[in-house]
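Trainee: Have a look at this prediction, sequence included:
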Amino acid sequence: MSKKKKDWKVEKARLLDLSLEERRKDYRGNHVPLEKIPTWTRHDKSKGKEGKEEGEEPKAVPVLLSDKVSLYKGDITILEVDAIVNAANSTLLGGGGVDGCIHKAAGPCLYDECHTLNGCETGRAKITCGYDLPAKYVIHTVGPVARGHVGKAQKELLSQCYQNSLALVKEHGLRSVAFPCISTGIYGFPNEPAAEIALETAKTWIKKNVNEVDRVVFCVFLDTDFKIYKEKMSRFFPQDEDVDEEGAEAPAEEVKKDTPPSKKSKSQKRGSDDDDEDGEEEEQEERAPGDVAMESQTDPFLSSPQAEAAVSVEDTEMASQGYGDEAMSQEESEDKKDAAEGETVPGKTMKSEPAGAAREDEEMDCSEDVAEERAIGPSASEPEASPRQTSCAPKSDPADAGRDAVKGEAPQSAEVTPPTAITGPAEETRTQGGDSAESEVIHCDLNQSKDRTGDLEEP
Ligand SMILES: NC(=O)c1ccc[n+]([C@H]2O[C@H](COP(=O)([O-])OP(=O)(O)OC[C@H]3O[C@@H](n4cnc5c(N)ncnc54)[C@H](O)[C@@H]3O)[C@@H](O)[C@H]2O)c1
């Protein structure tokens, strides 16, 4: 007998009313609690024990910028944070890559809610419930399409993705958020400049909103990004830089953890999806507070309907060639983009379909044998390995395959292995068994992912 389709509004209200413990009973797959994701601060665990004499009052420890951020390598869909950010396309109706994984893990209610949002412009962000995800919310943002080159417009738009996503975190009183590497997949934004923009934008925002957030997690999926972020994190978030209170904006109203976001006044409710008093979904406005709109884009192509169509076509073209399920080396994707330049057929729109629907050209194998999930921190304790590691298996970038592994870096393994604590720059990393796989494939098998969401019990 087919399952009765859930009403996303009813499901959303039910979920947002649950405590964390109650939510955990609902989880379909594994999850990584935030406390298992170490901050970037190089706290030496022993110092904590030695420094405190018997009965001595714990010393006030200055809040360090590096206390507010984490680097995590693995599947964003298993992170138990208040919100994960989705690198979506302008339809918000799902697709491939991280977007496909998030929709598959969240279940069909996510698609249903997204369908009421009337899409999203590049650089903007909109928020929905997380549904079957461990994350309470999903913040959908649309990154710029770099198409092989990065101009001022693309850089500004990518920064806006992070700014507007963080603005929604603040507006909804959320305390933790995880970002994927927005635009660096099919949209072709070069990894290194994208990381610089992500880290710089987040640092600037955190310094101004130090009381508004507890943790920003940079969730990387590919070795390429892992190496880039690991190298840059200490430059942007040095372990000896206090959070400069001067720049901090007035703290938002005190928001208790694990309570549904307070109702916003009409003027405040921008870009969020809270139902208004009578439960009717309010027409979504494009702009969230602090939404820094790109007044004009230097590249007229980017703001033309052809751009969307081209991107849609590109999405489809790439997806049909399985690009979404396999990470390519930077070189390969450059070639692909160049080739696509000639092939794009403006005006042809991407077929939007429920993200839960199987697409012939795309498989998703959120199977058990995935690469280890790895929390990265200077002295990270190993996050608990959950009984069932299911996620979209990251494919190490083929370009990296021949490269020397980062010295001391735990090899990627396709076997299910407990997460490895990857130490920060100064320390060697212990390796967990398993040979580094020549390549791990990012693909999600719909059947597997159905197991993941399981049969939703009727509420
Ligand atoms: N890749 C494809 O073939 C394909 C096809 C259709 C749509 N999309 C999606 O890609 C477009 C956006 O491009 P984009 O470059 O911003 O996104 P993207 O192509 O998803 O890549 C963004 C980053 O996310 C990484 N990633 C992939 N899966 C996960 C995961 N489970 N957890 C954490 N990180 C992950 C991926 O390696 C890359 O670094 C949208 O149309 C969206 O629907 C992708």
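Mentor: Perfect, I can see it now. None of the values given here were measured: they were computed from a predicted structure.
Trainee: rest of the way, CA atoms for contacts and neighbours
Mentor: Noted.
Trainee: Quote the end-to-end distance of stretch 124-133.
Mentor: End-to-end distance of stretch 124-133 (Cα to Cα, to the nearest Å): 22 Å.
Trainee: Rounded mean pLDDT for it, please.
Mentor: In this model, stretch 124-133 has an average pLDDT of 98.
Trainee: Which positions in that stretch come out as buried?
Mentor: Across stretch 124-133, burial judged by 16 or more other Cα atoms under 10 Å covers Arg124, Ala125, Lys126, Ile127, Thr128, Cys129, Gly130, Tyr131, Asp132, Leu133.
Trainee: The fifth one belongs to a strand?
Mentor: Pointing back at Thr128 there. Yes: looking at Thr128 with DSSP: H, G, I helix; E, B strand; the rest coil, it is inside a strand.
Trainee: isn't it right next to Ile139, touching?
Mentor: Yes: counting by Cα atoms under 8 Å, Ile139 is a contact partner of Thr128 at 6.4 Å.
Trainee: can you list residues touching both of those two?
Mentor: Counting by Cα atoms under 8 Å, 6 or more residues apart in numbering, Thr128 and Ile139 have no contacts in common.
Trainee: Would you format the buried residues of stretch 124-133 as TSV with distance to the ligand included?
Mentor: Compiled in TSV, those are given as follows (distance: Cα to the nearest ligand atom, whole Å):
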residue	distance to the ligand
Arg124	13
Ala125	13
Lys126	15
Ile127	16
Thr128	16
Cys129	18
Gly130	14
Tyr131	16
Asp132	15
Leu133	12
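Trainee: Tell me which two of those sit farthest apart.
Mentor: Arg124 and Asp132 (24.2 Å; Cα to Cα).
Trainee: separation between Val10 and Gly29?
Mentor: 22 Å.
Trainee: One more: Lys9?
Mentor: For Lys9, the distance to Gly29 equals 23 Å [Cα to Cα].
Trainee: between the two, which one's more packed in?
Mentor: Shown here are Lys9 and Gly29; by other Cα atoms under 10 Å, Gly29 has more neighbours (22 against 17).
Trainee: Model confidence at that one, what's the number?
Mentor: Note on Gly29: pLDDT of 81.
Trainee: next one: phi and psi at it?
Mentor: Backbone torsions of Gly29, given as degrees, to the nearest 10, read phi -120, psi -160.
Trainee: Grab the nearest non-local neighbour of His115.
Mentor: Nearest residue to His115, sequence neighbours excluded (Cα to Cα, 6 or more residues apart in numbering): Leu93, at 6.6 Å.
Trainee: Report how many residues lie close to that neighbour.
Mentor: Neighbours of Leu93 using other Cα under 10 Å come to 24.
Trainee: Equivalent analysis for His149, please.
Mentor: As a burial measure, His149 scores 11 neighbours (other Cα under 10 Å).
Trainee: which residues does it contact?
Mentor: So His149 contacts Phe189 (Cα under 8 Å, 6+ apart).
Trainee: how would you label it: helix, strand or coil?
Mentor: State at His149, reduced to three classes by three-state DSSP: coil.
Trainee: Tell me which residues of the helix with the most length in the chain come out buried.
Mentor: In terms of residue count, the longest helix belonging to the chain (DSSP state H) is helix 152-171. Within helix 152-171, the residues that count as buried by 16+ other Cα under 10 Å are 153-171.
Trainee: Am I right that Glu22 sits in a helix?
Mentor: Yes: assigned with three-state DSSP, Glu22 falls within a helix.
Trainee: Distance of it relative to the ligand?
Mentor: 25 Å (Cα to the nearest ligand atom, to the nearest Å).
Trainee: Could you measure from that residue over to Glu200?
Mentor: Glu22 sits at a distance of 36 Å from Glu200 (criterion: Cα to Cα).
Trainee: who's more crowded, those two?
Mentor: Between Glu22 and Glu200, counted using other Cα under 10 Å, Glu200 has the larger neighbour count: 16 against 11.
Trainee: mind listing what's buried in whatever helix or strand the more buried one lives in?
Mentor: Per DSSP states H and E: Glu200 is located in helix 191-208. Neighbour counts over helix 191-208 (16+ other Cα under 10 Å) mark 191-192, 194-203, 205-208 as buried.
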